[in-house]
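Student: Turn this into a model:
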Amino acid sequence: MQLRSDHAASIQTPSAVPTMSKISVPLEVLEEIFLNLPPQQVVQICRLVCRQWKDIADSQSLWRDRCRREGHHLRNASKVPKDWRLFYFLCKKRRNLLKNPWAEDQMRGWQILENNGDRWKVECVMVAHPNETIKNSFVTSYGMCRKSQLIDLESEGYKASFMDHLQPDIKISDWYAPRWDCGCQYKIHVELLNQRKKPIQIFSPEEIYFEQWNDGKWNQITHVFQNYGPGVRYIRFIHGGKDTQFWAGWYGIRLTDSCVEICPAIDT
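Tutor: Take a look at the predicted model:
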């Protein structure tokens, strides 16, 4: 059957249909479009379209501008990231991986390992914390009290390939304070674990002791795990203590604002 000439003219051949390769979009316009798209879409979809789009999606300037627009600033302007895209995504995902660190929900989220003396208790802070929004603390007794959390990195969004290839810094911190009128002991122990929950790297400093009649102020301990090698799948955080005078009640070490973060190396 022969098509009529007017109908045939209305049908576009493949060569007549505009294609992406024939559309010329200025570089600055493409960059602006990418800056307004979800970051995962830029990485997973846009960079696969063509060589030009890939070059833009991989450019340091694109991710540096994205960091600037979204407020992910360098703490030290003299230290510039080698990979702005990695810096962006680490900043974007950065958060405290520990649950209930401020004792706002009693002991929820924590596994009790030892609960001696008069046991763990949650109380209002006796001395104001440097972070004024923190109002509660976990308090230990005259027998050893220890609690822990196990962080599953993959369930928190950090895939095995990401951890193995990039090995981002893992920063831990903890705030602890004695009672001014009673001596006490503080202990922290943090492990990076493999898939079988076997330690790859451990932070376990010696116990810290406070004498009676101290200033009762808050102290912070921090540590950054670096260059720990492939295989890290879990983080186990353990801390606790007791009073050293065996007084009934809750006169032992006080704990709050514990933190575990995956963070850019340049920001630790």
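Student: Please list all residues in contact with the residue nearest to E211 when sequence neighbours are not counted.
Tutor: In this structure, E211 finds its nearest non-sequential neighbour in G183, 5.3 Å apart by Cβ to Cβ, 6 or more residues apart in numbering. All C-beta spots, glycine's among them, are computed from the backbone N, C-alpha and C. The contact partners of G183, taken as Cβ atoms under 8 Å, 6 or more residues apart in numbering, are 209-212, 214, 243-245.
Student: now with 7 Å?
Tutor: For G183, the contacting residues are 209-212, 243-245, by Cβ atoms under 7 Å, 6 or more residues apart in numbering.
Student: What of R69?
Tutor: R69 neighbours (Cβ under 7 Å, 6+ apart): L35.
Student: So that it lines up with my notes, have the first residue be 3 from now on.
Tutor: All right, first residue 3 from here; so that's R71.
Student: Report the separation between it and R256.
Tutor: From R71 across to R256, the span is 41 Å (Cβ to Cβ, to the nearest Å).
Student: and G242, which of the three is it?
Tutor: strand (DSSP: H, G, I helix; E, B strand; the rest coil).
Student: Surely it and S150 touch.
Tutor: No - counting by Cβ atoms under 7 Å, G242 does not reach S150; the two are 8.7 Å apart.
Student: Specify which residue of these two has the higher count of neighbours.
Tutor: Shown here are G242 and S150; by other Cβ atoms under 10 Å, G242 has more neighbours (26 against 16).
Student: Can you tell me the closest non-neighbouring residue to that one?
Tutor: Nearest non-adjacent residue to G242 (Cβ to Cβ, 6+ apart): R148, at 3.4 Å.
Student: same question for the helix or strand hosting that neighbour, mean pLDDT?
Tutor: Element membership of R148 [criterion: DSSP states H and E] is strand 147-154. Rounded to a whole number, the mean pLDDT of strand 147-154 is 98.
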